[in-house]
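Peer 1: Could you work out the structure for the sequence below:
(2 chains)
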Amino acid sequence: DVKVTQSSRYLVKRTGEKVFLECVQDMDHENMFWYRQDPGLGLRLIYFSYDVKMKEKGDIPEGYSVSREKKERFSLILESASTNQTSMYLCASSSPPTGIYEQYFGPGTRLTVT
Amino acid sequence: DAKTTQPNSMESNEEEPVHLPCNHSTISGTDYIHWYRQLPSQGPEYVIHGLTSNVNNRMASLAIAEDRKSSTLILHRATLRDAAVYYCILSRTMNRDDKIIFGKGTRLHILP
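Peer 2: Model prediction:
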């Protein structure tokens, strides 16, 4: 069974802390994505990657960076966490040549920044 | 990007068919129609996609209007487990660079 796992289901961090959210997929997918989900705003794309060491900005990249050193792992980094980054973070992966066709999502990490 | 319009919420009885509508009047000829759903406390999961013809898979059917300005996701026999938010999404192509834009979706309630 295909699987996307995220390092934590719940995370509480303080303002100004550096935060790492890890995502691992076991399907040998080339494409990986980070979204955030907020009530009333739906899912919004932060960053995506379609190959190791490649990254592309999504719709709301400000305040975030990403790292893809290995094919199966895609990390989202909050350099200096702020309260407006409190959200549900979702990782997804898919296989080429398509980006949006049949994305597999992880269970999400609910991040609270205090 | 072409936009989709869905009802905020719908209700259906268990073991009955459910028809979830989606309007996309500005759809272009190369836009694919995708449906995802999100069960409570889970990430979204892919349901089905299509371009022009109706599509069936083990989860659902997708009926696409002849002018493609609307589509309907059909769950043939709803169960309590189908209670979720259903998202109708358009993508311009099937290329890797095409971004997925989730709207607010339809929250489906299943009554036992």
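Peer 1: The closest residue to chain A within chain B: how many residues sit nearby?
Peer 2: Residue nearest to chain A within chain B: B:Gly43 (3.0 Å; Cβ to the nearest Cβ). For every residue, glycine as well, the C-beta is placed using N, CA and C. Residues lying near B:Gly43 (other Cβ atoms under 10 Å in any protein chain shown) number 22.
Peer 1: wait, what's in contact with it?
Peer 2: A:Val4, A:Leu90, A:Cys91, A:Ala92, A:Phe105, A:Gly106, A:Pro107, A:Gly108 (Cβ atoms under 8 Å, 6 or more residues apart in numbering or on different chains).
Peer 1: CA atoms only: put stretch B:69-78 into PDB for me.
Peer 2: Coordinates of each C-alpha in stretch B:69-78 appear next as PDB, following Å, rounded to 0.1, in the frame of the first residue of the first chain:
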ATOM      1  CA  LYS B  69     -19.200  23.400 -18.100                       C
ATOM      2  CA  SER B  70     -20.300  21.200 -15.200                       C
ATOM      3  CA  SER B  71     -19.600  17.700 -13.800                       C
ATOM      4  CA  THR B  72     -21.100  15.400 -11.200                       C
ATOM      5  CA  LEU B  73     -19.300  13.000  -8.900                       C
ATOM      6  CA  ILE B  74     -21.500  10.000  -8.300                       C
ATOM      7  CA  LEU B  75     -21.200   7.800  -5.200                       C
ATOM      8  CA  HIS B  76     -23.400   4.800  -6.100                       C
ATOM      9  CA  ARG B  77     -24.200   3.700  -2.600                       C
ATOM     10  CA  ALA B  78     -23.200   6.000   0.200                       C
END
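Peer 1: three-state assignment of the residue of chain B closest to chain A?
Peer 2: With DSSP: H, G, I helix; E, B strand; the rest coil as the basis, B:Gly43 sits in coil.
Peer 1: Which positions within the helix or strand harbouring B:Ser71 qualify as buried?
Peer 2: Using DSSP states H and E, B:Ser71 sits within strand B:70-75. Buried residues in strand B:70-75, counted by 16 or more other Cβ atoms under 10 Å in any protein chain shown: B:Ser70, B:Ser71, B:Thr72, B:Leu73, B:Leu75.
Peer 1: helices and strands around it, which ones?
Peer 2: If you count contacts as 3 or more Cβ pairs under 8 Å, 6 or more residues apart in numbering or on different chains; DSSP states H and E, strand B:70-75 packs onto strand B:18-23, strand B:45-50, strand B:61-64, strand B:84-91.
Peer 1: Let's test this: mean pLDDT of the last one, rounded?
Peer 2: What it means is strand B:84-91. The average pLDDT within strand B:84-91 is 91.
Peer 1: what does chain A put close to chain B?
Peer 2: By Cβ under 8 Å from any Cβ of the partner chain, the residues of chain A that approach chain B are A:4, A:30-31, A:33, A:35, A:40, A:42-45, A:48, A:50, A:56, A:58-59, A:90-92, A:96-108.
Peer 1: Adding pLDDT and distance to A:Thr114, write the buried residues of strand B:70-75 out as a markdown table.
Peer 2: Shown next, in a markdown table, are the buried residues of strand B:70-75 (pLDDT from 0 to 100; distance: Cβ to Cβ, whole Å):
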| residue | pLDDT | distance to A:Thr114 |
| --- | --- | --- |
| B:Ser70 | 95 | 45 |
| B:Ser71 | 96 | 43 |
| B:Thr72 | 97 | 44 |
| B:Leu73 | 97 | 40 |
| B:Leu75 | 97 | 41 |
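Peer 1: quick one: contacts for the residue of chain B most remote from its centre?
Peer 2: The outermost residue of chain B relative to its centre, with distances by Cα atoms, centre = their mean, is B:Pro112 at 22.6 Å. Neighbouring residues of B:Pro112 by Cβ under 8 Å, 6+ apart: B:Glu14, B:Leu80.
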